[in-house]
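>>> Curious how this folds, go ahead:
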Amino acid sequence: MWNNSQNKTVVNWKVQPAMNTADLLQTAAGLANEGKTNKKGMPNILQVALMVNKYAKEFRLSKPPFAVQKTLFIMLTPFAYLLGYRPTYKKYLD
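Residues are numbered from 1 along each chain as shown. You can find the predicted model right below:
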């Protein structure tokens, strides 16, 4: 999903089965609201690595290829934890 304009966009979206989609979206929104994303709304690579690993059943990035993602993000995971990143944060969840 992406709104490439300054206009308000309303989306009616249903995910079945939802699994942990709400936690994923709340985490992403929380990071964005706290300015922890870039101009395109993406967190840094270490945060992304943890989120992709945790929410692998809910979503996948379109690039790079999935096998490359898995390898790269598994390698980055220990560094992300050492630097204090977490896959999700209680303060962002309902």
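
>>> contacting residues around Gly47?
No, residue 47 isn't Gly; it's Gln. The neighbourhood of Gln47, defined by Cβ atoms under 8 Å, 6 or more residues apart in numbering, consists of 31, 36, 80, 85. Placement of C-beta: from N, CA and C, glycine included.

>>> Dump those to CSV, plus distance to Leu25, secondary structure and neighbour count.
Shown next, in CSV, are the contacts of Gln47 (distance: Cβ to Cβ, whole Å; DSSP: H, G, I helix; E, B strand; the rest coil; neighbours: other Cβ atoms under 10 Å):
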residue, distance to Leu25, secondary structure, neighbour count
Leu31, 11, helix, 20
Lys36, 15, coil, 14
Ala80, 20, helix, 21
Tyr85, 18, coil, 20
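
>>> could I get these as CSV with distance to Thr9 and pLDDT?
Formatted as CSV, the contacts of Gln47 follow (distance: Cβ to Cβ, whole Å; pLDDT from 0 to 100):
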residue, distance to Thr9, pLDDT
Leu31, 20, 97
Lys36, 22, 97
Ala80, 31, 98
Tyr85, 29, 98
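
>>> Nearest to Thr21 among the residues you listed?
Distance to Thr21, by Cβ to Cβ, is smallest for Leu31 among the contacts of Gln47, at 15.8 Å.

>>> The closest one is in contact with Tyr92, isn't it?
Yes: assessed by Cβ atoms under 8 Å, Leu31 is found in contact with Tyr92 at 7.5 Å.

>>> mind checking how far Asp86 is from Pro64?
Residue 86: Arg, not Asp. Computed as Cβ to Cβ, to the nearest Å, the Arg86 to Pro64 distance reads 24 Å.

>>> Counting neighbours, go ahead and name the busier of these two.
Using other Cβ atoms under 10 Å as the criterion, Arg86 and Pro64 rank with Arg86 on top: 13 against 10.

>>> Just give the nearest non-adjacent residue to the more buried one, would you?
Spatial nearest neighbour of Arg86, chain neighbours left out: Leu50 (6.6 Å); criterion: Cβ to Cβ, 6 or more residues apart in numbering.
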